[in-house]
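Peer 1: Attaching a predicted model along with its sequence, questions to come.
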Amino acid sequence: MQRRQFFTGAAIGVATASVSRVAMAALPEAVQQTSADTAPPWTPPGVTGAGRPYNPVVTLNGWTLPWRMNDGVKEFHLVAEPVVREMAPGFLVNMWGYNCQSPGPTIEVVEGDRVRLFVTNRLPEHTTVHWHGQRLPAGMDGVGGLTQPQIPPGKTYVYEFVARRPGTFMYHPHADEMTQMAMGMMGLWITHPKARHPLIAEVQRDYCFLLNAFDVEPGSRTPQVNTMLDFNIWSWNSRVFPGISPMVARLGDRVRLRIGNLTMTNHPIHMHGMEFEVTGTDGGPVPKTARWPEVTTDLGVGQMRQIEFVADEPGDWSIHCHKSHHTMGAMGHSVPTMIGVDHRGLVRKIQRHAPGYMVMGERGMADMGAMEMELPDNTFPMMTGTGPFGPIEMGGMFSTVKVRADQRPGDYTDPGWYAMPAGTQAREVPAPAQPARAPSAQPATPPADASARKPGQTHHH
Ligand SMILES: [Cu+2]
C-alpha cells in the first residue's frame, strides 16, 4: 500500500552545521501511506546495516516510517502536507499531516541510534517539528523562533541527534501550534531499549496511538482551527469508532499500549476485563515500586502513558475514554433533557407548523443509535457502530481488546466477534411471578404516588 515517491530538487535548508554535505547530497525517499488501515509491524529489511534488532510496535490505524541506513545513521524523511484522512468509513476530513496521513508515521529507533530526520514543508505556511520528550541538543528541539528559524513553505530542514533514552515519545509542530495540531499534525516516536532493560518488559503485542480531537461542523470537511475547547470529534490516531481497529491478543500475551494525549483536555482511558499497570511515561520507565493496578488511567494534556497487562481473559473487551461524550460523534449541545417528558399531543401541534419534527431523547438518547436519520453529507453520526447484539451506541474514543486462545502469534487480523461459551452471557429471564409471601408480610396499601420524600418530611399534595 506504500507509494514511493522520490524527491528531487527540493530546496534544502540546514538546521545545524554538524550535518555533513555528503549526507545532504541525496534525500531519503519520502515514503507515503495511502491507507488508514492498521499496518502490520514493520521489520527493517535485511540483517546487515539494519541496525540493532527490536520488537516493532503496531500503530493503531497507522504505520511505521521506513528508514535508510546512511553511514551508520538512520535517515527518515517526513513531509508536512495537506492530507485527506478517512476518520471512519465514508467520513473524510481535510487535515494537515505527514506523508499522506494524520497522524504522521510512527518513528521507531533503538536506544543509542544516531537519527537524521529530513522535514520537507509542503504546507501553505511555515512549520517546525518538536521531538516531544527527547534528550537532544537544544538546537534540535524544534521550537520555531526560539531554537531555529521556521521552516518556510517549500523548504527542507534536517534534524540530527542520538536517541539517548528508550521509551514512548511523540512529535508535533512548535509553530502556529493551535492551527497545526487542530489540523492533525502529530506522530509517535518509539525508542526501543538496546538490550534487556530491568524496567522494560518483553511483550508479545505492543500497540501505540495518540488521542486527538477535531471540530468538524456537521456537513463540512475541514476542521475549525480557532476552537479552543469545544471539539466535537474525539479520535484515536485521527479515527473514530467504528473506524478504530480492535487491539488483538493471544490468550496469555503480555500486551503494552502506548498512548499520548495531544488534545486540549484530559482523557480517563478505561479498559474492561483485566487490570493494567502504568509502566512508563514520556519521562521514562516507572520504577516497579511505584506501579499499582488500575482499570482507568487519566491522560492529562500533553502526557503519555504506557500501560501493560496480561491478556488472560478471553473475550471482546471495551477500551474507551470514560468521558461519555468522548465516545460520541458530533451532537447538538443545546438539546434539553427530555427523559420522562410525555410529548404526545405536543408533537402533533408542532408538526402542523414543522411537518418533519421528531422527538429526541424521550426515553434517553439510546434510540439515536438505531435511528435512520437523514444527515448532511459527510456527517459522522452521534452514535454508531454495530455489534453482534445490535447498535453499540458509541462513536468516538472507543475500541476493543480482543483476546482469543486461537489467535496465532504475530497475527493482528480481526478475529470477529467473541463466541460466548454457553451459560456465560447475560440473558433475559421470564417475567417474575408474584413472590409468595407470608400473610403478615403483605405490604399495606401501596402509597398513592411514588414521589420522593425526605426522611422526616410530611408528605402533602
Ligand atoms: Cu476523553
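Peer 2: Great, that's in hand. Residues are numbered from 1 along each chain as shown.
Peer 1: All the strands of the stretch 251-400 of the chain, in order from the start?
Peer 2: Ranges of strands within the stretch 251-400 of the chain are 254-261, 267-271, 277-281, 284-285, 296-299, 304-310, 315-321, 384-387, 390-394, 398-404, based on DSSP state E, counting those that start in this stretch.
Peer 1: what's in contact with the last one?
Peer 2: What it means is strand 398-404. The contact list for strand 398-404 (Cβ atoms under 8 Å, 6 or more residues apart in numbering) reads 60, 236, 241, 244-251, 253, 255, 271-274, 311-321, 327, 385, 392, 414-415, 418. From N, CA and C alone the C-beta is placed, and that goes for glycine too.
Peer 1: ditto for the fourth one
Peer 2: The contact list for strand 284-285 (Cβ under 8 Å, 6+ apart) reads 165, 166, 167, 197, 199, 200, 279.
Peer 1: how does it look with 6 Å?
Peer 2: Strand 284-285 has contacts (Cβ atoms under 6 Å, 6 or more residues apart in numbering) with 167, 199, 200.
Peer 1: Close to the ion: what parts of the protein are there?
Peer 2: Contact residues (Cβ under 5 Å from the ion) of the chain with the ion: 267, 321, 323, 326.
Peer 1: I'd assumed residue 395 was in contact with the last one.
Peer 2: No. With contact defined as Cβ atoms under 6 Å, residue 326 does not reach residue 395; the gap is 9.7 Å.
Peer 1: Of these two, give the one with the bigger neighbour count.
Peer 2: Comparing residue 326 with residue 395 by other Cβ atoms under 10 Å, the one with more neighbours is residue 395, at 27 against 24.
Peer 1: List of residues touching stretch 248-266?
Peer 2: By Cβ under 6 Å, 6+ apart, the surrounding residues in contact with stretch 248-266 are 168, 170, 181, 186, 203-208, 210-213, 229, 267, 298-301, 303-311, 314, 402-403, 405, 407, 412.
Peer 1: In the chain, where's the longest strand?
Peer 2: strand 73-88 (DSSP state E).
Peer 1: What mean pLDDT does that one get?
Peer 2: Regarding strand 73-88, the rounded mean pLDDT is 96.
Peer 1: Partner strands of that strand and their direction?
Peer 2: Strand 73-88 has the following strand partners under DSSP bridges: strand 68-70 (antiparallel), strand 91-98 (antiparallel), strand 114-121 (parallel).
Peer 1: Kindly state which of these is positioned closest to residue 145.
Peer 2: Nearest to residue 145, of all these, is strand 114-121, at 15.3 Å by Cβ to Cβ.
Peer 1: Following the chain past that closest one, name the next helix or strand.
Peer 2: Next in sequence after strand 114-121, counting helices and strands by DSSP states H and E, comes strand 130-132.
Peer 1: I'd like the average pLDDT over that next one.
Peer 2: Across strand 130-132, pLDDT averages out at 98.
Peer 1: got the buried residues for the next helix or strand after that strand?
Peer 2: Once strand 130-132 ends, the next helix or strand along the chain (criterion: DSSP H and E) is strand 155-162. By neighbour count with 16 or more other Cβ atoms under 10 Å, strand 155-162 contains the buried residues 155, 156, 157, 158, 159, 160, 161, 162.
Peer 1: Alpha carbons only: can I get strand 155-162 in PDB?
Peer 2: Extracted in PDB, the C-alpha atoms of strand 155-162 (Å, rounded to 0.1, in the frame of the first residue of the first chain):
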ATOM      1  CA  LYS A 155      11.900  24.200   2.100                       C
ATOM      2  CA  THR A 156      13.500  21.100   3.800                       C
ATOM      3  CA  TYR A 157      15.300  21.200   7.100                       C
ATOM      4  CA  VAL A 158      17.200  18.400   8.700                       C
ATOM      5  CA  TYR A 159      17.400  17.400  12.400                       C
ATOM      6  CA  GLU A 160      20.000  15.100  13.800                       C
ATOM      7  CA  PHE A 161      20.600  13.700  17.300                       C
ATOM      8  CA  VAL A 162      21.200  10.400  19.200                       C
END
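Peer 1: Need the distance between the two termini of stretch 227-236.
Peer 2: Using Cα to Cα, to the nearest Å, the end-to-end distance of stretch 227-236 comes to 19 Å.
Peer 1: just stretch 186-204 next, same as before
Peer 2: Using Cα to Cα, the two ends of stretch 186-204 sit 26 Å apart.
Peer 1: and that stretch, which residues are buried?
Peer 2: Neighbour counts over stretch 186-204 (16+ other Cβ under 10 Å) mark 186, 187, 188, 189, 190, 191, 192, 193, 194, 200, 203, 204 as buried.
Peer 1: which residues of the stretch 1-150 of the chain score low on pLDDT?
Peer 2: The stretch 1-150 of the chain contains residues with pLDDT under 70 at 1-25, 45-50.
Peer 1: what do you get if the cut-off is 90, keeping everything else the same?
Peer 2: 1-32, 34-35, 40-55, 89-91 (pLDDT under 90).
Peer 1: now swap in the stretch 151-300 of the chain and tell me
Peer 2: 216-221, 224-232.
Peer 1: So out of everything in it, what residue is nearest the ion?
Peer 2: In the stretch 151-300 of the chain, no residue comes nearer to the ion than residue 267, which is 3.4 Å away by Cβ to the ion.
Peer 1: pretty sure that residue contacts residue 211?
Peer 2: Yes. Using Cβ under 6 Å, residue 267 is in contact with residue 211, at 5.3 Å.
Peer 1: Could you count how many residues lie near the residue of the stretch 151-300 of the chain closest to the ion?
Peer 2: Neighbour tally, residue 267, other Cβ under 10 Å: 24.
Peer 1: and what of the one 3 residues further on?
Peer 2: Applying other Cβ under 10 Å, we find 16 residues neighbouring residue 270.
Peer 1: repeat for residue 110
Peer 2: For residue 110, the neighbour count with other Cβ under 10 Å is 19.
Peer 1: wait, what's in contact with it?
Peer 2: For residue 110, the contacting residues are 52, 54, 192, 194, by Cβ under 6 Å, 6+ apart.
Peer 1: measure it to residue 69 for me?
Peer 2: 12 Å (Cβ to Cβ, to the nearest Å).
Peer 1: ditto for residue 396
Peer 2: Look at residue 396 and residue 69: by Cβ to Cβ, they are 40 Å apart.
Peer 1: who has more neighbours, these two?
Peer 2: Per other Cβ under 10 Å, whichever of residue 396 and residue 69 has more neighbours is residue 396, with 29 against 16.
Peer 1: which non-adjacent residue is nearest the more buried one?
Peer 2: Nearest residue to residue 396 in three dimensions, chain neighbours excluded: residue 234, at 3.8 Å (Cβ to Cβ, 6 or more residues apart in numbering).
Peer 1: For the one you found, the count of nearby residues, please.
Peer 2: For residue 234, the neighbour count with other Cβ under 10 Å is 27.
Peer 1: which other helices and strands contact the helix or strand containing it?
Peer 2: For residue 234, the host element (DSSP H and E) is strand 233-236. Secondary-structure packing of strand 233-236 (3 or more Cβ pairs under 6 Å, 6 or more residues apart in numbering; DSSP states H and E): strand 205-214.
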